[in-house]
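J.: sequence? don't have it. structure:
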């Protein structure tokens, strides 16, 4: 499958309706995952606050895990060693474990398992890995899903604005800097990793209001700011919008505002994700980069064995 076709599957992915049995009956939730698989846990952690949620991206599980913990291990391939290690530690602590993968070792571990379609890059399968979480905790209803599908379909048909940003980044050989704010801080990180893997460029992500307590000084005084390209997600919060405007003025920084479309958080979330998909994809094309190439990552895994 061509990479552009992978990206276009996102609208179908949001219709994925498998979920976790009795997910809301547990006292706390821990989600383990790395890279393109792990971002779904980080996004969910930001959206759901009815009980403690922790997204981890390491070999180890936290000490507080018990039989009152719903532990969700996500690995698109099913073979991510850090996630498998964290699952085994959680098992020893008595957690209820659910795995999500397209196959591999996770599917064979014997826990409650959600099987997702294979054949994609993990970073192109965010919908398949995120929707079971949103569905299981009542964060996405059928109407929001239908509206999200329509928004993504529109973006598939016309992503010319994404190309404009890609051309500006490529022409100036600029480093993309993405600033988000709640509930889309993790989407800013998703954009950063899409630039890394798809376009093979270094990128940086942070979020308001936290960045006003550190990055503000750097924005005014950093080396070669003209080599940076700032993309900022428009916030629903008037206070955050004031912060963005004032920060731009007092640091003399040109923020390109990305306005998410949609009525609900889920719609805006996926619209932002897909917008970033296309900016990084177009940047790869302009640079003559193969967006599917992850040879250096695979070489690292090979040498670790």
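T.: Arrived safely. Since the structure is predicted, the reported quantities are computational estimates derived from the model, not experimental observations.
J.: Low-confidence regions, the protein specifically.
T.: For the chain, no stretch is flagged by pLDDT under 70.
J.: quick one, strands of it?
T.: In the chain, the segments counted as strands under DSSP state E are 28-32, 53-56, 69-74, 96-101, 112-115, 175-181, 204-208, 228-233, 255-258.
J.: just the ones you listed: most buried one?
T.: For those, the largest average neighbour count (mean count of other CB atoms under 10 Å) is found in strand 69-74, namely a mean of 28. Just so you know, the C-beta spots here come from the backbone N, C-alpha and C atoms, and that holds for glycine as well.
J.: for that strand, packing partners?
T.: Under the contact criterion of 3 or more CB pairs under 8 Å, 6 or more residues apart in numbering; DSSP states H and E, strand 69-74 touches strand 28-32, helix 35-47, helix 81-92, strand 96-101.
J.: sorry, back to before: closest to residue 283 out of the strands of the chain?
T.: strand 175-181 (8.2 Å; CB to CB).
J.: Partner strands of that closest one and their direction?
T.: Partners of strand 175-181 in the sheet, by DSSP bridges, are strand 204-208 (parallel), strand 228-233 (parallel).
J.: of these, which approaches residue 150 most closely?
T.: Closest to residue 150 of those is strand 228-233 (CB to CB; 20.7 Å).
J.: what's in contact with that closest one?
T.: Strand 228-233 has contacts (CB atoms under 8 Å, 6 or more residues apart in numbering) with 165, 168-169, 172, 174-181, 184, 187-188, 191, 222, 244, 253-258, 260, 272, 279.
J.: need the contact list for the nearest residue to residue 279 once chain neighbours are set aside.
T.: Setting aside the residues directly before and after it, residue 279 is nearest to residue 162 in space (CB to CB, 6 or more residues apart in numbering), at 4.6 Å. The contact partners of residue 162, taken as CB under 8 Å, 6+ apart, are 275, 278, 279, 281, 282.
J.: Inside helices: which ones of these?
T.: Judged by DSSP state H, those include 275, 278, 279, 281, 282 as members of helices.
J.: can you tell me which residues contact residue 196?
T.: Residue 196 sits next to 202, 203 when contact means CB under 8 Å, 6+ apart.
J.: hmm, try it at 10 Å
T.: Residue 196 sits next to 35, 123, 176, 202, 203, 280 when contact means CB atoms under 10 Å, 6 or more residues apart in numbering.
J.: Quick check: the last one vs residue 71, distance?
T.: Shown here: residue 280 relative to residue 71, a distance of 31 Å by CB to CB, to the nearest Å.
J.: what about the residue nearest to residue 203 when sequence neighbours are not counted, neighbour count?
T.: Spatial nearest neighbour of residue 203, excluding adjacent residues (CB to CB, 6+ apart): residue 195 at 3.8 Å. Neighbour count of residue 195, defined by other CB atoms under 10 Å: 26.
J.: Would you confirm that residue 195 contacts residue 278?
T.: No - look at residue 195 against residue 278 with CB atoms under 10 Å: they stay out of range, at 11.9 Å.
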